[in-house]
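Q: model this:
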Amino acid sequence: ASHAVSAEDVGPLYFQTSKSVWHLIHILDYPVLWSTRSGAKMTFSWTTNWSNYSLYSAANPTGPWNKLANKPTATGSTNKLTLTMPGSGSVYYRLEMP
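A: Next comes the predicted model:
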């Protein structure tokens, strides 16, 4: 579902019938995870109004995902967390509500 016209020019009214019930959802916050690297240290930062979330990591995008025990430092709604990266291999990160 979409709140706007789709790329295929199918608007929200296309599938409407006389028995349709509209359910409107407003997504308030979807944080973007920024990163900067200095040597083996990676600093992640994100801005969010979420109050109960966790940062997870995995060796591949399908998991298994592991909750990080490290907590970010927060200044207002901006969070920062610096981690030491492994010497080899890939690491994926995601923010998730509990």
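Q: pull out the buried residues from the helix-or-strand element of the chain with minimal mean pLDDT.
A: Within the chain, confidence by mean pLDDT, DSSP states H and E is lowest for strand 92-96 among all helices and strands, at a mean of 83. Buried residues in strand 92-96, defined by neighbour count with 16 or more other C-beta atoms under 10 Å: 93, 95. For every residue, glycine as well, the C-beta is placed using N, CA and C.
Q: just stretch 52-67 next, same as before
A: Taking 16+ other C-beta under 10 Å as the basis for neighbour counts, the residues of stretch 52-67 that come out buried are 53, 55-56, 65.
Q: who touches that stretch?
A: Contacting residues not belonging to stretch 52-67 are listed as 44, 68, 70, 72, 81, 89-98 [C-beta atoms under 8 Å, 6 or more residues apart in numbering].
Q: what mean pLDDT does that stretch get?
A: Mean pLDDT, computed over stretch 52-67, is 87.
Q: what's the span of that stretch from first residue to last?
A: Distance across stretch 52-67, first residue to last, is 13 Å (C-alpha to C-alpha, to the nearest Å).
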